[in-house]
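A.B. asks: When you get a sec, could you give me coordinates for this:
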Amino acid sequence: MKKISINLKTNKIIVIGGIYSNIESFKKFLTLIKKTKFKNIPIINTGDIFAYFSEPNKAIELVKKHKIVSIMGNCEESIAFNSDDCGCGFKKDSTCDLLTSQWYPYSKKNISIQNKKWLKKLPYEIILKYKSKKYLVCHGSPRKINEFILPSTSKTLIKSLIKNFNGIIAGHSGIPFTRYFKKSFWHNSGAIGLPPHDGTNRGWYSIIDLEKDLIEHKSFSYNYLRTFNKMMKINLNVHYTKTLKSGYWPSTDIFKKYDLDILNSAIPRQGFIFR
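C.D. replies: Alright, predicted model coming up:
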């Protein structure tokens, strides 16, 4: 498993994940971080550059163009190594598992050979070093690329996964939340390309100040109807396409009751913060 270390020269990083081939949302995010105050702040991508929507190759090209530091998510791994499915970790024959048969072959067909080779070279994990602190960037969790760590996941389990790091920055689950411990944290920025099952049409990213271990969840609106119309025009993945309008996922298989209870209304602009 390829891992790399990065010695950071700045105390801040921008974190994204779950672009999911949603170019309209991704482009809006890119315009937001062009502001002067974000200059020279590295962008860290926790994986799943492509998935449900219609422009997977373009999403990869934009990540490369903007020199976004990326790791291997389960979607990248599956395409890079020519797997038969996306490796998302959904239960066999669940709604999400069945819907994979719509978008995954499309992504597989529409990503160039050159970009598949690029995906193959991505690291599975990154260790970010800032002064005496160390942070691990992974996709699902340190022990499994497609593990769903959610607000309902026990504090004891999350703390055991962090181990010797000052924090873990993960993706995969698509819910923007941070759980703080006495000397560490677990963080998920949420997804750029898909709303977090809260009835809104927003994308999410975050900014972390590693000097202060201060995390700002950020959400934004974009013209989701452009993505919706592109998808409907080619009749691709209609159930996930409808999520762009409704704000709700086509399946809640991965959630526990606690998750569903807190997602009954729009996620606060500052994301979910647990202490």
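A.B. asks: And the helices in the protein, which stretches?
C.D. replies: Counting by DSSP state H, the chain has helices at residues 23-32, 56-65, 74-80, 95-110, 113-120, 155-162, 224-234, 238-246, 257-262.
A.B. asks: Against which helices or strands is the fourth one packed?
C.D. replies: Helix 95-110 makes packing contacts with helix 56-65, helix 74-80, helix 238-246 when contacts are defined by 3 or more C-beta pairs under 8 Å, 6 or more residues apart in numbering; DSSP states H and E. For the C-beta atoms, the positions are set from N, CA and C on the backbone; glycine is no exception.
A.B. asks: May I have that helix as CSV, with CA atoms only?
C.D. replies: Output of helix 95-110 as CSV, limited to C-alpha atoms (Å, rounded to 0.1, in the frame of the first residue of the first chain):
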residue,chain,number,x,y,z
THR,A,95,-30.3,-0.3,-3.2
CYS,A,96,-26.9,1.4,-3.4
ASP,A,97,-25.3,-1.8,-4.5
LEU,A,98,-27.8,-2.1,-7.3
LEU,A,99,-27.5,1.5,-8.4
THR,A,100,-23.8,1.0,-8.8
SER,A,101,-24.5,-1.0,-11.9
GLN,A,102,-25.7,2.2,-13.6
TRP,A,103,-22.9,4.7,-12.9
TYR,A,104,-19.8,2.4,-12.5
PRO,A,105,-19.7,1.0,-16.0
TYR,A,106,-20.3,4.5,-17.4
SER,A,107,-17.3,5.9,-15.4
LYS,A,108,-15.1,2.9,-16.4
LYS,A,109,-15.9,3.5,-20.1
ASN,A,110,-15.4,7.3,-20.0
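A.B. asks: Dump the helices of the chain to CSV, plus distance to residue 185, mean neighbour count and mean pLDDT.
C.D. replies: Compiled in CSV, the helices of the chain are given as follows (distance: least, C-beta to C-beta, whole Å; neighbours: other C-beta atoms under 10 Å; pLDDT from 0 to 100):
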stretch, distance to residue 185, mean neighbour count, mean pLDDT
helix 23-32, 23, 19, 98
helix 56-65, 25, 19, 98
helix 74-80, 23, 24, 96
helix 95-110, 28, 17, 82
helix 113-120, 29, 15, 98
helix 155-162, 8, 14, 97
helix 224-234, 30, 16, 96
helix 238-246, 29, 17, 93
helix 257-262, 18, 14, 97
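A.B. asks: Dump the ones you listed into CSV; add distance to residue 3 as well.
C.D. replies: Output for those, formatted as CSV (distance: least, C-beta to C-beta, whole Å):
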stretch, distance to residue 3
helix 23-32, 26
helix 56-65, 19
helix 74-80, 14
helix 95-110, 25
helix 113-120, 15
helix 155-162, 16
helix 224-234, 34
helix 238-246, 32
helix 257-262, 30
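A.B. asks: between those helices, which gets nearest to residue 216?
C.D. replies: Proximity to residue 216, assessed across the helices of the chain by C-beta to C-beta, is greatest for helix 23-32 (12.9 Å).
A.B. asks: what's the closest residue to residue 151 other than its chain neighbours in contact with, if anything?
C.D. replies: Among residues not flanking residue 151 along the chain, residue 177 sits closest, at 5.1 Å (C-beta to C-beta, 6 or more residues apart in numbering). Taking C-beta atoms under 8 Å, 6 or more residues apart in numbering, we find residue 177 in contact with 150, 151, 187, 188, 190, 271, 272, 273, 274.
A.B. asks: Surely the last one is in contact with residue 179?
C.D. replies: So that's residue 274. Yes. Residue 274 lies in contact with residue 179 (C-beta atoms under 8 Å); the separation is 4.4 Å.
A.B. asks: Of those two, which one has the most company?
C.D. replies: Per other C-beta atoms under 10 Å, whichever of residue 274 and residue 179 has more neighbours is residue 179, with 21 against 13.
A.B. asks: May I have the phi/psi pair for residue 256?
C.D. replies: Taking degrees, to the nearest 10, you get phi -100, psi 170 for the backbone angles of residue 256.
A.B. asks: Please report how far it lies from residue 234.
C.D. replies: 35 Å (C-beta to C-beta, to the nearest Å).
A.B. asks: how many neighbours does residue 4 have?
C.D. replies: Residues within reach of residue 4, counting by other C-beta under 10 Å, total 14.
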